[in-house]
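> no sequence for this one, just the structure:
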């Protein structure tokens with residue numbers, strides 16, 4: 001079924017204001033359109049199988065160029081969200097085709113109210129990948145890896161995870177562990193794991209402050225890696241992820 005528009009809410013698309021807002025500093029127009037459509041798809045406003053508004057209709061509705069719309073669709077296509085066919089239009093693909101680990105797709109998922117099962121899926125992924133990465137890091141890390149982790153912990157303490165700077169340091173900590181594995185296949189997941197850490201941390205703080213301070217959990221992981229304790233590092237990381245899920249559970253819509 002063709003949807004006339006899933007983007008009718010929001011002041012930046014009323015009365016032709018979308019194009020002006022989208023041309024703001026640091027954001028190209030087609031990126032703003034991709035963000036709007038991606039968010040609409042991830043939030044369920046467009047369901048798998050739905051056909052997006054036609055190129056001409058969409059461009060006229062938002063007072064943007066057809067080329068900007070086409071570029072936005074190319075972005076969504078590259079991320080597995082849609083496919084375009086001559087005469088058939090642009091259709092939303094089944095969820096299993098979406099590149100849900102793409103950092104930008106993760107951001108779109110958390111722009112609105114993310115699916116609670118998806119949040120749990122992210123924690124399951126982390127529980128599979130990160131303890132194994134911590135084990136390898138304990139066996140393979142060097143002094144530069146340890147310095148990166150220690151610097152990240154220092155920044156986390158200074159800024160707290162309630163701030164963007166603190167969450168960036170949290171991402172750096174997890175990225176440093178993946179880097180220390182010396183495993184190129186795991187390194188491919190760095191951006192995805194970092195984005196998952198960032199967005200789930202923001203998600204669990206959306207209604208109230210963190211129920212407890214998670215930095216000591218990170219310190220235990222660091223101490224085990226620094227000591228070369230592979231089993232201890234894996235166990236500490238598993239506990240960190242489990243406790244993070246426990247903290248997040250209270251924020252989930254049941």
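Done, it's in. It should be emphasised that the depicted structure is a prediction, and the values quoted were computed from it without experimental measurement. Residues are numbered from 1 along each chain as shown.

> all strands for the stretch 51-200 of the chain, in order.
82-85, 89-92 (DSSP state E, counting those that start in this stretch).

> for residue 179, which of these is the nearest?
Distances from residue 179 to each of the strands of the stretch 51-200 of the chain were compared using Cβ to Cβ; the minimum, 33.7 Å, belongs to strand 82-85. C-beta: built from backbone N, CA, C; applies to glycine.

> show me how far the closest one is from its chain's centre.
Taking Cα atoms, centre = their mean, to the nearest Å, one finds strand 82-85 lying 24 Å from the centre of the chain it belongs to.

> also stretch 167-187?
15 Å.

> list the buried ones in it?
For stretch 167-187, the buried set under the neighbour-count rule, 16 or more other Cβ atoms under 10 Å, comprises 167-181, 183, 186.

> over to stretch 186-199?
Of the residues in stretch 186-199, those buried by neighbour count under the rule 16+ other Cβ under 10 Å are 186, 189-199.

> over to stretch 216-235?
With burial defined by 16+ other Cβ under 10 Å, the residues of stretch 216-235 counted as buried are 217-222, 224-226, 229-230, 232-235.

> kindly report the same for stretch 86-98.
For stretch 86-98, a neighbour-count test (16+ other Cβ under 10 Å) marks 90-93, 98 as buried.

> same check on stretch 115-131?
Buried residues in stretch 115-131, counted by 16+ other Cβ under 10 Å: 119, 122-123, 125-127, 129-131.

> the buried residues of stretch 186-199 in helices, which ones?
When DSSP state H is applied, these are split such that 186, 190-199 fall in helices.

> between these, which sits nearest residue 114?
The shortest distance between residue 114 and any of those, using Cβ to Cβ, involves residue 199 and amounts to 8.0 Å.

> so how far is residue 29 from residue 111?
In this structure, residue 111 and residue 29 are 18 Å apart, going by Cβ to Cβ, to the nearest Å.

> again, but for residue 101
Counting by Cβ to Cβ, the separation of residue 101 from residue 29 is 26 Å.

> more crowded one of those two?
Just comparing residue 101 and residue 29: by other Cβ atoms under 10 Å the higher neighbour count belongs to residue 29, 21 against 16.

> helix or strand right after the helix or strand bottoming out on mean pLDDT in the chain?
Using mean pLDDT, DSSP states H and E, the weakest-scoring helix or strand in the chain turns out to be helix 17-22, at a mean of 49. Using DSSP states H and E, the next helix or strand after helix 17-22 towards the C-terminus is helix 29-42.

> so where is the protein shaky, pLDDT-wise?
Regions of the chain meeting the criterion pLDDT under 70 cover residues 1-27, 207-211, 251-254.

> need phi/psi at residue 87.
When quoted as degrees, to the nearest 10, the phi and psi of residue 87 stand at phi 70, psi -30.

> that one and residue 158, how far apart?
Counting by Cβ to Cβ, the separation of residue 87 from residue 158 is 58 Å.

> separation between residue 232 and residue 137?
Spatial separation of residue 232 from residue 137 under the definition Cβ to Cβ is 12 Å.

> quick check: residue 222 vs residue 203, distance?
In this structure, residue 222 lies at 24 Å from residue 203, with Cβ to Cβ as the measure.

> repeat for residue 68
Here residue 68 is placed at a distance of 31 Å from residue 203 (Cβ to Cβ).

> which one of the buried residues of stretch 86-98 is nearest residue 144?
Here the nearest of the buried residues of stretch 86-98 to residue 144, counting by Cβ to Cβ, is residue 98; it sits at 36.2 Å.

> surely that closest one meets residue 83?
No. Taking Cβ atoms under 8 Å as the contact criterion, residue 98 and residue 83 are not neighbours in contact, 11.6 Å apart.
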